[in-house]
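1. after the sequence you'll find the predicted model.
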Amino acid sequence: MAWDTARTKQLLLDAAVAEFAEHGPEGARVARIAERAGVNKERIYPYFGDKQKLLEAVLAAELEKIAAAVPLTPAHAADLGDYAGRCYDYHRAHPHFVRLLAWEGLQATSHVPAEPARTAHYAEKIAAVAAAQRSGALATDLPAGQLVHAVIALTASWFTLPQLARMLLPEVTTGGPQSERDCLVAFVRRLTAR
């Protein structure tokens, strides 16, 4: 019987996503990843190298997923509130992604996995927002990079700081996810209105 390399790699990646999201880069254990995947831990090394390279593979795969699921083109950027709402929906359906980014930020070092590729990815988002600003669809008083950062931070905060949302916005959080989403969309639209 032939070994299904692609399937084994995917099992390991899926298990690593869960492990890194739950325990962070420092707390994640290769043995637990292998156990979750139902694969011998020795398979991790030829496929991914060490734990750091496995984390890089996880982040690259997860960033590709959100980029495909929630694109930001100049047409999308014309309504950044809608974009924020779609990001909120993605994070609600995939809470591990924002946890991975939060862990990465908390344990940040001078090395960020795939930083040049990720910077290029965000540059495309900034260019889309700048194009929407030039077309007159968005306010121009804030630079495009600041707007992209604000939308990402505002959206992620519903998942990384839920306790603050509960304390600061009880009238919103008691309404549940749809109320939170509506609040986010309205705020981003107001922030970017001409």
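-> Sure, I can see it. Numbering: from 1, shown residues only.
2. helix, strand, or coil at residue 96?
-> Three-state assignment for residue 96 (DSSP: H, G, I helix; E, B strand; the rest coil): helix.
3. isn't it right up against residue 17?
-> Yes: at 5.7 Å, residue 96 and residue 17 qualify as touching, with contact defined as CB atoms under 8 Å. (C-beta placed from N, C-alpha, C; glycine too.)
4. neighbour count winner among those two?
-> Neighbour count, other CB atoms under 10 Å: between residue 96 and residue 17, residue 17 has more, with 23 against 16.
5. quick revisit: give me the common contacts of residue 96 and residue 17.
-> residue 62 (CB atoms under 8 Å, 6 or more residues apart in numbering).
6. average pLDDT for stretch 131-139, rounded please.
-> Stretch 131-139 comes out with an average pLDDT of 96.
7. tell me the buried residues in that stretch?
-> 131, 132, 133, 137, 138 (16 or more other CB atoms under 10 Å).
8. just how off-centre is it within its chain?
-> 25 Å (CA atoms, centre = their mean, to the nearest Å).
9. quick one: contacts of it?
-> Applying CB under 8 Å, 6+ apart, the external contacts of stretch 131-139 come out as 74, 77-80, 129, 140, 144, 147, 191-194.
10. show me how to select, in ChimeraX, the buried members of the residues you listed.
-> A single ChimeraX command selects the buried members of those (16+ other CB under 10 Å):
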select :74,77,78,79,80,129,144,147,191,192
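11. and which of the contacts of stretch 131-139 is nearest to residue 115?
-> Using CB to CB, residue 144 is the member of the contacts of stretch 131-139 that lies nearest residue 115, at 19.9 Å.
12. surely the closest one meets residue 124?
-> No: the criterion here is CB under 8 Å, and residue 144 misses it with residue 124 at 11.2 Å.
13. reformat the contacts of stretch 131-139 as CSV; add secondary structure and distance to residue 11.
-> As requested, the contacts of stretch 131-139 are arranged in CSV below (DSSP: H, G, I helix; E, B strand; the rest coil; distance: CB to CB, whole Å):
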residue, secondary structure, distance to residue 11
74, helix, 38
77, helix, 37
78, coil, 41
79, coil, 39
80, helix, 37
129, helix, 38
140, coil, 48
144, helix, 40
147, helix, 39
191, helix, 42
192, helix, 42
193, coil, 47
194, coil, 49
